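Asks: quick one: sequence plus predicted model below, questions after.
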Amino acid sequence: MEIILAIVVASAVIFFGALISMGNERQRRAIDDLREQVFRWAVQDLRIKREKLSLDVRVDDPIQWLNKIVAKTIGDDLNLNVTEVFDDPQILICTAMDNRKILFTTLSPTEIQGKKHDKRAKLSLYINRNPLLYLPKNIVTYQLSTLNSGLLFDLELNLAWNRLIGREVKDLESLWMYMF
């Protein structure tokens with residue numbers, strides 16, 4: 001009789017454990033679905049806000065806009081002045097009021113390393129005396145993007161970059177800033 005009672009109790013514990021486990025799994029799926037719905041709602045809300053704001057996107061003074069973005073990103077107003085522009089790859093070299101050089105480009109550090117090691121690209125970089133070859137080792141790098149530079153950064157970047165470089169470029173999403 002005790003063995004039967006022990007088997008019944010063990011079976012009941014296993015049965016209730018399985019029921020609780022199934023209930024927890026159902027709750028987890030419901031929470032995941034809810035999280036996904038909130039995420040989709042937030043993305044759609046941002047799209048609606050961006051769509052309304054994108055109609056009024058203007059960059060009157062691109063260097064002033066760049067100063068504002070850099071100040072927002074690093075927390076220091078550098079009062080940038082454009083000193084040189086390179087075309088292939090596109091590089092904008094500026095000087096700050098404290099004589100630091102700031103290099104802006106659409107190339108990430110890994111892309112720059114790739115160009116340094118690619119023989120054909122390296123030859124064209126040498127011919128143009130491109131500053132990407134001569135970046136110091138202690139360079140400070142920042143990626144400017146919508147995440148750290150504002151909701152409409154990518155739209156404003158396309159307008160400002162086209163005016164600063166003097167060529168039509170489309171679909172830029174981020175800009176790399178190298179300070180030395």
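Replies: That came through, no problem.

Asks: averaged pLDDT, stretch 172-180. What do you get?
Replies: In this model, stretch 172-180 carries a mean pLDDT of 87.

Asks: what's the answer for stretch 142-157, then?
Replies: On average, stretch 142-157 scores 85.

Asks: for D98, see how far away the spatially most central residue of the chain is.
Replies: Taking C-alpha atoms, centre = their mean, the centroid of the chain lies closest to S145, which sits 4.4 Å from it. Distance of S145 to D98, computed by C-beta to C-beta, to the nearest Å: 25 Å. All C-beta spots, glycine's among them, are computed from the backbone N, C-alpha and C.

Asks: one step back: kindly provide the distance from the closest residue to the residue nearest to the centre of the chain other than its chain neighbours to N148.
Replies: Among residues not flanking S145 along the chain, S174 sits closest, at 4.1 Å (C-beta to C-beta, 6 or more residues apart in numbering). S174 sits 10 Å away from N148, going by C-beta to C-beta.

Asks: same question for G166.
Replies: From G166 to N148 the distance is 26 Å (C-beta to C-beta).

Asks: so how far is the host helix or strand of K68 off the chain centroid?
Replies: For K68, the host element (DSSP states H and E) is helix 62-74. Put simply, helix 62-74 sits 16 Å off its chain's centre (C-alpha atoms, centre = their mean, to the nearest Å).

Asks: now stretch 16-32
Replies: Distance, centroid of stretch 16-32 to centroid of chain: 37 Å (C-alpha atoms, centre = their mean).

Asks: report the buried residues of it.
Replies: Across stretch 16-32, burial judged by 16 or more other C-beta atoms under 10 Å covers no residue at all.

Asks: ditto for stretch 76-86
Replies: L78, L80, F86.

Asks: and the helices in this protein?
Replies: 2-54, 62-74, 109-117, 119-127, 146-149, 153-165 (DSSP state H).
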